[in-house]
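In: can you look at this prediction? I've put the sequence above it.
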There are 2 protein chains.
Amino acid sequence: MSEREATAHVTLEVVARSAGVSQATASRVLNGTARVREDLRQRVVAAADLLGYIPNAHAQALASASSRLVGVICHDVADPYFAAIAGGVMRAAAEHDLLMMLASTFRDPAREIAYVSALRAQQARAILLISSGFQDRAWERAMNTELEPYLRGGGRVAVVSRHRTLRVDTVLPENRAGGAALARAMLGLGHRDFAVLSGPRALTTVSDRLGGFRDALAEAGVELSPDQVVEGAFTRDGGYDACAELLQRGLRATCVFAITDVMAIGALAALRDQGLRVPADVSLAGFDDIPIVRDLSPPLTTVALPLAEMGQAVMALALREPRGRRSRVTRFGGEVVLRASTGPP
Amino acid sequence: MSEREATAHVTLEVVARSAGVSQATASRVLNGTARVREDLRQRVVAAADLLGYIPNAHAQALASASSRLVGVICHDVADPYFAAIAGGVMRAAAEHDLLMMLASTFRDPAREIAYVSALRAQQARAILLISSGFQDRAWERAMNTELEPYLRGGGRVAVVSRHRTLRVDTVLPENRAGGAALARAMLGLGHRDFAVLSGPRALTTVSDRLGGFRDALAEAGVELSPDQVVEGAFTRDGGYDACAELLQRGLRATCVFAITDVMAIGALAALRDQGLRVPADVSLAGFDDIPIVRDLSPPLTTVALPLAEMGQAVMALALREPRGRRSRVTRFGGEVVLRASTGPP
DNA sequence: GCGCATTCTGAAAGCGCTTTCTGATACCGT
DNA sequence: ACGGTATCAGAAAGCGCTTTCAGAATGCGC
């Protein structure tokens, strides 16, 4: 049989030859990097079009030492919090004609480091860390070891949420202030007995929210009893389990603060399963204002974060020319949105 | 001032020189592609480690004509349906040590084509189309024009949801059968008057679900009145608006079928805003079983799709060696999950 | 101890592009 | 008509890696 191997791969050389010009000229035409005589230009464009030429991004990146890739690392794409932020990043990426590489760490710090390394290998133009900051010396050291040479090599890094040692541009959710504002709002409703469904201690997000909440209570002379603070995973089921545990210990609070909305969703289910009415028997509040919570019933009181906007902002931060050695911090959110899940005790 | 430009970029050449071996040997050591004398091996590893060597993925891809990138195209990462599938894909990608590039088309067919082209340029090892198939000649032609040379060049393509002309491996949600099963379940509850909140006609997902639903009703001698079918956008607000429109037209149905769960969430809000109780006044059902709907109140009756599993499956399909010219189809879901949002009329 | 098979290493040729650098051509003033 | 200056096209040198190919070193049998 005759070899009917498909047409060889269409490279710039093929296009140039077919148009009767040099590769240099073809490259200039296709990138618009220099003036080229009109008739040659048209021949190149026509040839490229006819042959269905698609440039090899790897060769381009290698030759020009730049790429159109932006890396995003989050804990879990499927989580509404990260999905919403990633949506904002995606929007910004589309506007800047960039491609987004998205990685989920599944909350494994080691995996996070590995992905940073992989993104470095891919010559990502920027790395966005949406995963919350860990408070762990070893992790911090490893992360800095990755990031420092990357930054020195011209890479851009921006993060969402506070990192203790990373000196990079930051989109900072008002975790502490938001926690405090929520506490004051609940105090204002008349609550004096609180419980908290907390998350993994290792995350700054958790300590900030909880710290702000606790401090604001303390200012009002209200103390948060340790046995009314339950730690759970940052998931719907984590919230459910933590709340169930709380109920088992004996709920003495009139208001429960779930440290994320996702956990609050689980908590709501747990409360309902125990026959407790929200907010008649107990008030429930969350944090993040992920899109779904306004559609729960009752709609959830929460601390609002403009997630999509934060995603766009972190991208913008990463793209902006770094000025000086100071890292920029953009703060977002922190406003309490009162909905029907909370009421007077 | 002395030039204290940071250390030059660490390339394989630098590592090799520092270890006193050739680039070839260094490459072989670092990739484990051939036996190398133990002492040399150790010197290379030590040098690479000390210098913090990170291979340039572009150079690797260019030289070896292969990459570790997988492209995923969906309509909107922030949408729970796509987020859940993307989560499954991400899991599979992590298992295979692949990097995932995720793009949102924001439901723009032209943008979808553009992303396929971009992924081709990136030499993506596989392209996964999670965006639902459009029923549009021009789009189909453009998509085939992109995909055909890609496949011929050894690229892998797999899609979720039915595509009319794309002959590629497919993960097929049981849209038609699911729609039919739901209809039968609702008939079983005693409903005879139905309304549908439908989505963009251009999507096969819509026509399949609606078709299955309508056919099953017809089999039972029940007709779906055209004025009780409202088309809306595939979003929460699209569902809300469509439902509001339906109510304005005059709701004659005892059971409303929202063609996606996301739309059902909006519909639930619209019904509640009009003072209608679900399911006492009207039953409401959705499709997809996105994670949140079981936590609504009332929990939503829906047609279940194992979204994360589908994501893993589509990745697996793309990775499996293509055998023959036949495209493989894996079907998923279609089971009705009865929850409290539906009841007897 | 010699020849041959067997490992293992290094030199060098690309992969497909961008970008300098050089040379050719066209255009200007006088 | 001629030298000088802009413009524009092409040759060629990489970018950082993998991989062939050939050669060096080692081991073996006899």
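Out: Great, that's in hand.

In: for the closest residue to residue A:163 other than its chain neighbours, give me its contacts.
Out: Nearest-residue entry for residue A:163: residue A:133, 3.8 Å, with adjacent residues in sequence omitted and distances by Cβ to Cβ, 6 or more residues apart in numbering or on different chains. Quick note: C-beta positions are derived from backbone N, CA and C, even for glycine. Applying Cβ atoms under 8 Å, 6 or more residues apart in numbering or on different chains to residue A:133 gives the contacts A:159, A:161-164, A:166, A:203-205.

In: now do residue A:133 against residue B:109, distance only.
Out: Look at residue A:133 and residue B:109: by Cβ to Cβ, to the nearest Å, they are 39 Å apart.

In: residue A:181 against residue A:333, yeah?
Out: No: shown here, residue A:181 and residue A:333 do not form a contact pair, counting by Cβ atoms under 8 Å, at 10.1 Å.

In: need the overlap of contacts for these two.
Out: Joint contacts of residue A:181 and residue A:333 (Cβ under 8 Å, 6+ apart) are residue A:303.

In: residue A:268 belongs to a helix?
Out: Yes: assessed by DSSP: H, G, I helix; E, B strand; the rest coil, residue A:268 belongs to a helix.

In: touching, it and residue B:295? I think so.
Out: Yes: between residue A:268 and residue B:295 there is a contact at 6.9 Å, judged by Cβ under 8 Å.

In: neighbour count winner among those two?
Out: Shown here are residue A:268 and residue B:295; by other Cβ atoms under 10 Å in any protein chain shown, residue A:268 has more neighbours (28 against 17).

In: what sits against that one?
Out: Listed by Cβ under 8 Å, 6+ apart, the contact partners of residue A:268 are A:278, A:284, A:296, A:300, A:341, B:295.

In: for DNA strand C, see how far away it is.
Out: 54 Å (Cβ to the nearest atom of the strand, to the nearest Å).

In: and residue A:216, by the same measure?
Out: Distance of residue A:216 to DNA strand C, given as Cβ to the nearest atom of the strand: 54 Å.

In: A helix includes that residue, no?
Out: Yes: counting by three-state DSSP, residue A:216 is located in a helix.

In: quick one: contacts for the residue nearest the centre of chain A?
Out: Geometric centre of chain A, nearest residue: residue A:130, 3.2 Å, by Cα atoms, centre = their mean. Shown in contact with residue A:130 (Cβ under 8 Å, 6+ apart): A:72-75, A:82, A:85-86, A:89, A:159-161, A:311, A:314.

In: so which of those residues are also by chain B?
Out: residue A:86 (Cβ under 8 Å from any Cβ of the partner chain).

In: by pLDDT, give me the weakest of the contacts of residue A:130.
Out: Across the contacts of residue A:130, the bottom pLDDT score, 89, is held by residue A:161.

In: that one reaches residue A:209, doesn't it?
Out: No: with contact defined as Cβ under 8 Å, residue A:161 does not reach residue A:209; the gap is 10.6 Å.

In: and the stretch 51-200 of chain A, which residues reach DNA strand C?
Out: With Cβ under 7 Å from any atom of the strand as the criterion, the stretch 51-200 of chain A meets DNA strand C at residues A:53, A:55-56, A:59-60, A:62-64.

In: so which of those belong to helices?
Out: Of these, the ones assigned to helices by DSSP state H are A:59-60, A:62-64.

In: which ones are touching residue A:62?
Out: B:56, B:58-59, B:62.

In: so how far is the helix or strand in which residue A:312 is found off the chain centroid?
Out: Element membership for residue A:312, per DSSP states H and E: helix A:307-319. Between the centre of helix A:307-319 and the centre of its chain there are 9 Å (Cα atoms, centre = their mean, to the nearest Å).

In: need the next SSE after it, C-terminal direction.
Out: Heading C-terminal from helix A:307-319 (DSSP H and E), you reach strand A:329-332.

In: by contact count, what packs against the next helix or strand after that following strand?
Out: Moving toward the C-terminus from strand A:329-332, the next helix or strand (DSSP H and E) is strand A:335-337. Applying 3 or more Cβ pairs under 8 Å, 6 or more residues apart in numbering or on different chains; DSSP states H and E, one finds that strand A:335-337 contacts helix A:175-188, strand A:302-304.

In: circling back to that earlier point, and the residue nearest to the residue nearest to the centre of chain A when sequence neighbours are not counted, how many neighbours?
Out: Once flanking residues are discounted, residue A:130 sits nearest to residue A:74: 4.1 Å by Cβ to Cβ, 6+ apart. The tally of other residues near residue A:74 (other Cβ under 10 Å) stands at 26.

In: now do residue A:100
Out: Other residues within reach of residue A:100, judged by other Cβ under 10 Å, total 23.

In: which SS state does it fall under?
Out: strand.

In: I'd guessed it sits against residue A:88; true?
Out: No: Residue A:100 lies out of contact with residue A:88 (Cβ under 8 Å); the separation is 11.2 Å.

In: buried residues in the host helix or strand of residue A:86, which are they?
Out: According to DSSP H and E, residue A:86 maps onto helix A:80-95. Neighbour-count burial for helix A:80-95 flags A:80-94 (criterion: 16 or more other Cβ atoms under 10 Å in any protein chain shown).

In: compute the inter-axis angle for that helix and helix A:307-319.
Out: 50 degrees (axes from the mean of the first three to the mean of the last three Cα atoms, to 10 degrees).

In: chain center to helix A:80-95, what's the gap?
Out: The chain centroid and the centroid of helix A:80-95 are separated by 8 Å under Cα atoms, centre = their mean.

In: who's in contact with the residue nearest to residue A:130?
Out: Per Cβ under 8 Å, 6+ apart, neighbours of residue A:74: A:82, A:85-86, A:102-105, A:130-131.

In: quick check: the gap between it and DNA strand C.
Out: 31 Å.

In: roughly how far does that residue sit from residue A:145?
Out: Going from residue A:74 to residue A:145 by Cβ to Cβ gives 21 Å.

In: returning to that earlier point: which neighbours do residue A:268 and residue B:295 have in common?
Out: In contact with both residue A:268 and residue B:295: residue A:296, using Cβ under 8 Å, 6+ apart.

In: residue ranges for the helices of chain A, please.
Out: According to DSSP H, the helices that chain A contains are A:12-19, A:23-31, A:38-51, A:57-64, A:80-95, A:109-121, A:137-152, A:175-188, A:204-219, A:236-249, A:261-273, A:307-319.

In: so residue A:109 touches residue A:137, yeah?
Out: No: using Cβ under 8 Å as the test, residue A:109 is too far from residue A:137 to be in contact (11.4 Å).

In: which ones are touching the nearest residue to residue A:238 once chain neighbours are set aside?
Out: Among residues not flanking residue A:238 along the chain, residue A:232 sits closest, at 3.9 Å (Cβ to Cβ, 6+ apart). The neighbourhood of residue A:232, defined by Cβ under 8 Å, 6+ apart, consists of A:197-199, A:238-239, A:241-243, A:245, A:263.
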